[in-house]
Each structure stands twice: as structure tokens, then as C-alpha cells.
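Chemist: Dropping the sequence and predicted coords here.
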Amino acid sequence: MSAADFRKLADLFPNETVTHSYVQDIALPPVDGKSPGTFALVTLDNGLDHSKPTTLGPNTLIELGTVLEDLRERAARGEIAGVGVTGKPYFLVAGADLSTVKSVTGREQGLWMAQLGHDVYSTLANLGVPSFAFINGLALGGGLEIALQSTYRTVSTGAGALALPEAFIGLIPGWGGVYILPRLIGPENALKVMIENPLSNNRTLTGPQAYELGVADAMFEPADFLEQSVAWAAQVLAGAVPPERANAVDPSDPEVAARWAAAIAKGRAFVEAKTSNASPAPAKVLEVMEANRAMTQAQSAALECETLADLMQTDEFRSTVYAFLDLVQRRAKRPAGAPDRKLARPVTKIGVVGAGLMASQLALLFARQLKVPVVLTDIDQARVDKGVGYVHTEVDKLLAKKRISSDAANRTRGLVTGSVSKEAFADADFVIEAVFEELNVKKQVFKEVEAIVSPECILATNTSSLSVTAMAEDLEHPGRLVGFHFFNPVAVMPLLEIVRAPKTDDAVLATAFELAKGLKKSAVLVKDAPAFVVNRILLRLMGEVTAAFDEGTPAKVADNALRPMGLPMTPFVLGAMVGLPVAQHVQESLHAAFPDRFTVSGNLQALIDNGVKSIWDPASVTAGNPYVPAETLALMSFGTTPSTAEEVLRRTQDALAEEIGLMLEEGVVAGPEDIDLCMILGAGWPMFLGGITPYLDRVGAAERVNGSKFLAPGVASEPATA
């Protein structure tokens, strides 16, 4: 590619937030009485505060390349002894600008983008003097690859989120990371960073973890990180500190070649287990790494560019960008339909009705995040003590793991109290129930609470499927009740379904959204409808697979039929995790509302009645070869119309398309984007599916069932051509 081609690419993105490259000359401190010379420090900064991470787009890369070319010329003239690259506070670089990458409409543009990055990074790697990356903070994707292309690296102990997450977002580490990393830290560790971490909820490394793996050569404390890094660079340049790289390998060594092959095989098994190979990107990471063991870096760079150009054209990548950028990063922060936040009321004390596991999790979350008093109530002192004890135990665990300070632990314990009397709620601003999932029980709870609390106190239900409208029927102030549906485990799952009943007051709703924000949860406004969003979709899915099983489809065929979707777990495993009685209860609620679409399995009821907790033998699932025990089979009866895996998959796809179409007609949420956001954040559905609606569009189910796709062309798929 020529400079003109790169400029043509950059001109396509006039609105890019440019990360500028600022150069500062530093006189290196003396080593053994002699200075190694002048050091050019490049600081990457977009001029915005820490809420706007630095990213890499075409204009950014061209500017960085121009600066590096100038430094290469200075190095040739003997003006500088070394070059360092660091970032603004808290960031080295957060990787490629996904909004820019999303705008790449053709393969040629994608190839240019890949080649531009390699061209710039090659300059960094070949300055004629040693280069240093000072990883002062977050370094993701192309940001970490800047560091990898440098000759030496330091990292701050306070740096968080170091990663090559490309397999997660539908790409490969295509600016040299897939070549350099396995040589630097060994193939096994490289697969951990490039495959295992991205496919495990996009896990990242801390600074100390990166140093332990060998990603960085030295580590310093945050307070004087830059000064220490420059002093260390001076020692390296003077030959006083030769960095040791214990994990580095030579891929031409036969022993290393064997380790390389074993790591690739392990990686393929991991990808199969995690994604069923439903996304092309992880397999491409492994393919390129497998091939580049015997390649030069230039050969690998050419392969990386071609692979990136191909992956940028896949709908899985477009779905991932839609899910991550449009939904998780944008829509989740500006919930559709949420009232003006100025209407929200202050919440200074919270009551939780119930002291079981869910209620105790809620109490801990409220106390930790909102830092307000929380009181639990239950029918006897033993249950109350158990609930408060759970909170204290969990706080002790957090303290032992050094996730909170001792002062924070003491404060959190002190905020959570218990009582056997609901009179403890008299001065509460917000009371949530987490009791047995039975409508009359919940109505009685709210009747008792309303008689005690102030007229302004908000009442909330954590119901997973029952009618919020019905719960409010007997209240004197029905407008004060709102659905506040968490997902289990409460501390981990980021979604909150906020359910508006017909009479729910705007101020109540606004307060609920502000509480969600304070709890660091992503809230979606949901109409009061059976099972709301996540459970309605999951139970329709599980119901179709269970029905196929009851009709005579073999268990392995039925349960594995959805593997091409790449879901986090199979329906039978999900049912066991949720609990068969809980799943059956929600299914019964949905059957009562929609008897023609949601059936109640007699076989599952037989298992529940006999105390069986899973269709599969639990130990066999752990061992990776699930089977149904003979005694479990004996409890069930089956039809004589089995289906193939393909038939079960298509049946489920069409059922989901039908259900989502109906939910949108009913106005359960504002749009298909909210359906997708709920499934990603509340059910852990893969980003490469885009939630659910892009997948149903892609496989044709939306058009087969509803006559049209859920999303417009270009939203999570290839843009429409003129």
C-alpha cells in the first residue's frame, strides 16, 4: 500500500477521535557517572478525560507513523539513544476504535486498515535504537500490541485490563500480537491470553499478572512509574540491566515445536467447548498461530492482514460490534424509555423482605454499592441471623481476597442488620421483596409493608415471572410498586429488568433507574408481561427442546441440537443450574398466559416429584460425557416421534423468532435492541450472536416466521448496497 492509499482510508473517517502522539525529549539519568544520551518519549493522548479512552483509528495511526518516521531519522543522525511510548493517565491505549472498524464497508478497506497498523508498528520495531513501552494503564488489543512491538516493556502494578481480546470481538490480534506473544511468553501462556481469557467473559490481566507471564520486563509502582521506567531504560541502554525472559522460546526448537502443537490442540478443544465453533474468529487465531511457528514475522504479517480483512466482513464480527458498541457501551447507558432522572427520589435506607439466599445477596449488593443501611426481615430470628450471617461471611471472603479494605469491610457489615418485625421498615425509602414465588404471598407482604412505610416509600418486587400489576391491585398507592428483577448470581450478572406496571409512577421508575446505576447494573425498561424478557425467551427455548425430548428424541440429540448457536450451556444443563422446580414454575406461569406456545412437561414434573435435580447425571456432565441414569429414565415416558438435531434446531429458531416478534408487538420492550441487550447481560449469550435477533435474522428464522428481519441491513450485518 502507498501513503496515498492510507490517506484515502483516513479521509473516510473525518469524525474519528484522534489520539495524538506528543514527543518530549528527556535527558537520561547517568549510569555509572555517564548519561546514555537523549530519550524521546511519545505520549499517546486524545486530550479527553479518563472517561474517554484513547483508541486507534486511521488518522491516529498515520500521525503516530509520521512521528515514528521522524524519530527514526533522528536516531540515524545519532540525536537520540532510545524511544519510549506511554499513555495518558490510566491508559496506554484501549485498542482499535471499534466505531471506525464498524464503518469499514469493503474488504479492501479492511485490508488497508490491517496493513496500516503493521506499517506503523513495523516502524516502531525498527527505529534503529531500542524502543520501550511504559504500560501505565489499560492496554487492549492494538494497544498491547504497541507494547509487544517495542524492544522492552515496563508495567505499572496499578495497571489493569491488559489483554488481546480479539477472539472475543470477532477478530485476531492482527498487528503482530499473534506472532510475538507466543515467542515471548511461550505458546501455552499465549493461548491463555489470546483464547482462554477472551472466551472466559473477556477476562484481562493485571499489571502484576502480565509481569509474571513475561509480557513485561520490569514492574514499578504507580506513584513514580514513569520516572522509574525512564531510569530503568537508561540502565538497559547503558548495558547495566540485561532483561531476562524466562518464558521466551525459540519455535524452531523441536521441543518447543511439540509444545506449540500441543497448545494449539488444547486451544481447539477449548474453543469447541466454549463456542461449538459457532464464531470463526477463535479458530482463525489458532490457525494463524499454528502457521506462523515456521514463518518470518513479515510472512505472518501478510497472513494476519488477509485474515483480518476476511473476518471484518463476517456477520459474526458485525454482530459482535453491534452487541458491544451499540448495546453494552451505548444503549445500556441510556436506557430506552427511562423517565427524566431529575424525578428520582433519594434513597437513604433499604428494606429487604426475606432473608434467604436471594434476599441476602441483594442486601450485600445494596450495602456495598449504595453504602446505605439495609435491614432484612423474616418470619423467625434463626432465618434473620442466617441472612445477616451470609452477608458477613461474604464480606470476609472479599476481605481475604483483598477486594475490599478492612475499613470497607467493617462499614459494610455495620450497614446490614436484621429484624423479625417489618416495623424496621418504618423509615425506609425503598423496600424490595425476595420471598417465595407465589402471587398471594407477595400480595400479603406488600399489604403488611404498606401499612408501615411512608406514602413516599417505593415498593419493589424481585419476581421473575409473576404479574406486577396483580401485586399492586390491593395497594392503597399502586403507583409506588415497580418490578426490580435481578439475575442470579446477583453480584455477577449485570442486568436489571425494571418492570413498569400500568400505574407505576414516573418518579418511582426514575428512582429505580438511578438505583440500578448506583448498583452498577444495566437496566432495561420492561412492560409488565409474563416472565418479562430473559425468562420468557429462555423458557420458550427450553420448552421446545424438552418437548422434542418428550416426543422421543434421544437426550443427546435434543440437548446438543442448539450447539451451532454457540450458547454458554445446553438447555438441560441450564435447567439443572436454574433448578428444575424454578424452571417448571416459570413455565407454568407462561403456560397459563400462552397455553398454545408454552407446554408443561410431565416428564420434568415426574423428576421434580421424585427429587431428581437433573436430567443428566451431574458427574457425567462434569466428566464431559453426559448420560441419563437408568433410574431417571424409569420415571419418564416418551412419544414415538423423534426429531433430528437439525429439526430441533430449526424448530427452536422459529419458536424464538415467533416469541420475540410477539413480544415486540406487545410492546414488552422498546425495540429488538433491548431484547438483545437483555439476553447478553441477563443470560450470558455470546457477543458474536449479537444477542439473539441478529442470529435469527442471519439463519432466516425471522423472515420464515414474521416475514421480515428484526434489524435493518448494516445494523449487525452487511450494509445494504445501493
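Modeler: On my side now, so go ahead.

Chemist: ok but Asp347 is inside a strand, no?
Modeler: One correction, residue 347 is Val, not Asp. No: with DSSP: H, G, I helix; E, B strand; the rest coil as the criterion, Val347 is assigned coil and is not in a strand.

Chemist: Enumerate every residue touching it.
Modeler: By Cβ atoms under 8 Å, 6 or more residues apart in numbering, the residues touching Val347 are Leu370, Val372, Asp429, Phe430, Ile458, Thr511, Leu515. Every residue, glycine included, has its C-beta placed from N, CA and C.

Chemist: Torsion angles phi and psi at it?
Modeler: The phi/psi pair for Val347 (degrees, to the nearest 10) reads phi -120, psi 110.

Chemist: and the gap between it and Ala426?
Modeler: Separation of Val347 from Ala426 (Cβ to Cβ, to the nearest Å): 15 Å.

Chemist: just Glu497 next, same as before
Modeler: From Glu497 to Ala426 the distance is 29 Å (Cβ to Cβ).

Chemist: more crowded one of these two?
Modeler: Glu497 (27 against 13; other Cβ atoms under 10 Å).

Chemist: how about the nearest residue to the more buried one, chain neighbours excluded?
Modeler: His485 (4.1 Å; Cβ to Cβ, 6 or more residues apart in numbering).

Chemist: what about the one you found, neighbour count?
Modeler: His485 has 24 nearby residues by other Cβ under 10 Å.

Chemist: Kindly state the beta-bridge partners for Val353.
Modeler: Thr377, Glu433 (DSSP bridges).

Chemist: In this structure it contacts Val445, no?
Modeler: Yes: if you go by Cβ atoms under 8 Å, Val353 and Val445 touch, sitting 5.3 Å apart.

Chemist: contacting residues for Tyr90?
Modeler: His50, Asn136, Gly137, Leu138.

Chemist: one more time with 6 Å
Modeler: Tyr90 sits next to His50, Gly137 when contact means Cβ atoms under 6 Å, 6 or more residues apart in numbering.

Chemist: which secondary structure element contains Ser465?
Modeler: Here Ser465, judged by DSSP states H and E, is contained in no helix and no strand.

Chemist: And the most centrally placed residue in the chain, how far from Ile680?
Modeler: Centroid-nearest residue in the chain, with Cα atoms, centre = their mean: Asn201, separated by 5.2 Å. With distances taken as Cβ to Cβ, Asn201 is found 11 Å from Ile680.

Chemist: what does Ala139 give?
Modeler: 25 Å.

Chemist: Can you list the residue ranges for helices in the stretch 551-700 of the chain?
Modeler: 555-560, 571-578, 580-593, 602-609, 618-623, 630-633, 645-666, 672-683, 693-698 (DSSP state H, counting those that start in this stretch).

Chemist: who wins for proximity to Met358 among the ones you listed?
Modeler: helix 580-593 (10.9 Å; Cβ to Cβ).

Chemist: And the closest one, what does it pack against?
Modeler: helix 534-550, helix 602-609 (3 or more Cβ pairs under 6 Å, 6 or more residues apart in numbering; DSSP states H and E).

Chemist: Let me know which of those helices is tucked in deepest.
Modeler: With neighbours taken as mean count of other Cβ atoms under 10 Å, the helices and strands packed on helix 580-593 reach their highest mean count in helix 534-550, at a mean of 24.

Chemist: What strand or helix carries Glu63?
Modeler: Applying DSSP H and E, one finds Glu63 within helix 58-76.

Chemist: so is Ile264 in a helix, a strand, or just coil?
Modeler: helix.

Chemist: Double-check it against Val288; I have them as touching.
Modeler: No: using Cβ atoms under 6 Å, Ile264 is not in contact with Val288; the gap is 10.6 Å.

Chemist: Secondary structure element for Glu244, which one?
Modeler: Here Glu244 is assigned to no helix or strand, by DSSP H and E.

Chemist: mind checking pLDDT for it?
Modeler: pLDDT for Glu244: 89.

Chemist: Now do it against Ala234, distance only.
Modeler: Counting by Cβ to Cβ, the gap from Glu244 to Ala234 is 18 Å.

Chemist: So for those two, which sits in the more crowded spot?
Modeler: Applying other Cβ under 10 Å to Glu244 and Ala234 shows that Ala234 carries more neighbours, namely 23 against 8.

Chemist: give me the low-pLDDT residue ranges for the protein?
Modeler: Low-confidence segments of the chain (pLDDT under 70): 1-6, 720-722.

Chemist: Enumerate every residue touching Gly387.
Modeler: Contacts of Gly387 (Cβ under 6 Å, 6+ apart): Ala355, Ser360, Leu376.

Chemist: ok, and the closest non-adjacent residue to the first one?
Modeler: If I follow you right, that is Ala355. Gly387 (2.8 Å).

Chemist: where does the closest residue in space to Phe168 that isn't next to it in sequence fall, phi/psi-wise?
Modeler: Excluding the flanking residues, the one nearest Phe168 by Cβ to Cβ, 6+ apart is Pro198, at 3.8 Å. Dihedral pair for Pro198: phi -60, psi -40, per degrees, to the nearest 10.

Chemist: For the helix or strand encompassing Gly110, which residues meet the burial criterion?
Modeler: Taking DSSP H and E as the definition, Gly110 sits inside helix 107-125. The neighbour-count check on helix 107-125 (16 or more other Cβ atoms under 10 Å) flags 109-125 as buried.

Chemist: Torsion angles phi and psi at the residue nearest to Glu497?
Modeler: Per degrees, to the nearest 10, the backbone of His485 is at phi -90, psi 110.

Chemist: Pull the number of nearby residues for Gly128.
Modeler: Counted with other Cβ under 10 Å, Gly128 comes out at 15.

Chemist: Would you mind measuring from it to Phe572?
Modeler: From Gly128 to Phe572 the distance is 61 Å (Cβ to Cβ).

Chemist: before we move on, what about Val321?
Modeler: 32 Å.

Chemist: what's the answer for Leu144, then?
Modeler: 39 Å.

Chemist: ok, these two, which is more surrounded?
Modeler: Shown here are Leu144 and Phe572; by other Cβ under 10 Å, Leu144 has more neighbours (31 against 24).

Chemist: The more buried one belongs to a helix?
Modeler: Yes: counting by three-state DSSP, Leu144 falls inside a helix.

Chemist: who's in contact with it?
Modeler: With the criterion set at Cβ under 6 Å, 6+ apart, Leu144 makes contact with Leu162, Leu164.
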